[in-house]
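> The sequence isn't on hand, but the structure is:
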């Protein structure tokens, strides 16, 4: 073995060790030598989905015992796993992809293991959060990871509204089925900010969709189906420059055309985002709306013609 390999001896303490092992988020090559060795050496692997993890183990010719540990059984199995750790067995905690506990199971097990005096050893590696952030082109000095937001509209929008003034870069996970709904909610609550949508990370069809939230939504609207878990990185409230008149008018027009966007909420969203007087935005919005109504009326074809 390489003399620089810094692998902690699994039997160096009376208690076992709980290893938090990062696994690939798509490309099987994105795993460390240390992670592979750890998965070989531990007494047991606690996996989010044993069938999924078995594909990884098979790929690297790793033969070891596994037990499932997911959101539906973590409360029941944590006690048993902690007892095995206390008895001297070492366990590796893995999720289906990426780093455990980041929007994945494992938090309760780690918390209980710490309370029982068990040593926790992270085996770092792939993470969709960091991969998306570092490739986004948005500020990386400070960020807030929100994971998956609630499915219920009211709870989701409440959280988004609480983030409207957050200056740090925001990072979200979302399923391909609900990503359009999430972006539409963001436009209503956060405004038309810069963002980057990443999907199929590290895989053959890896994609980054960059632009304003409106532009990203427009790209997705033209697709009958979206595949792959999505990571959405959104610019924070800091550095929101006051737009020129043409840009402001264009944003108002886009908002008026959006389903579910009331004039009052549109005005408040734009005014809050740029620090402009609501009266100024409201007056401009009324002009645009009135002109839009006149154009629509003039284009109505009378019956019988």
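Ah, there it is. Quick caveat: nothing in here was measured; it's all calculated off a predicted structure. Numbers count the residues shown, from 1 in each chain.
> you'd agree residue 91 is up against residue 43?
Yes - between residue 91 and residue 43 there is a contact at 6.7 Å, judged by CB atoms under 8 Å. Where you see a C-beta, it was placed from the backbone N, CA and C, and this is true even at glycine.
> any common contacting residues for those two?
16, 84 (CB atoms under 8 Å, 6 or more residues apart in numbering).
> ok, those two, which is more surrounded?
Taking other CB atoms under 10 Å, residue 91 and residue 43 do not tie; residue 91 has more neighbours (24 against 16).
> Mind pulling the model confidence for the residue lying closest to that one once chain neighbours are set aside?
Of all residues not flanking residue 91 in the chain, residue 44 sits nearest, at 4.9 Å (CB to CB, 6 or more residues apart in numbering). On the pLDDT scale, residue 44 is placed at 98.
> what's the neighbour count on residue 162?
Applying other CB under 10 Å, we find 10 residues neighbouring residue 162.
> Next: residue 123.
24.
> What distance do you get for the residue nearest the centre of the chain to residue 63?
For the chain, residue 173 is the residue whose C-alpha lies nearest the centre (CA atoms, centre = their mean; 2.2 Å). Per CB to CB, to the nearest Å, residue 173 is found 32 Å from residue 63.
> Please report how far residue 93 lies from residue 107.
With distances taken as CB to CB, residue 93 is found 10 Å from residue 107.
> who's more crowded, those two?
Here residue 93 and residue 107 are compared on neighbour count by other CB under 10 Å; more neighbours surround residue 93, at 27 against 13.
> how far away is the more buried one from residue 99?
Taking CB to CB, one finds residue 93 at 10 Å from residue 99.
> any common contacting residues for these two?
residue 20.
> What's the end-to-end length of stretch 165-180?
Distance across stretch 165-180, first residue to last, is 22 Å (CA to CA, to the nearest Å).
> Can you pull out the residues in contact with it?
The set of residues external to stretch 165-180 that reach it, using CB under 8 Å, 6+ apart, is 103, 128-129, 132-133, 136, 138-140, 142-149, 151, 163, 182, 197, 199, 217, 220-221, 225-238.
> Report the buried members of these.
Buried residues within the contacts of stretch 165-180, counting neighbours by 16 or more other CB atoms under 10 Å: 103, 128-129, 132-133, 136, 138-139, 143, 145-146, 149, 163, 182, 197, 199, 217, 220, 228-237.
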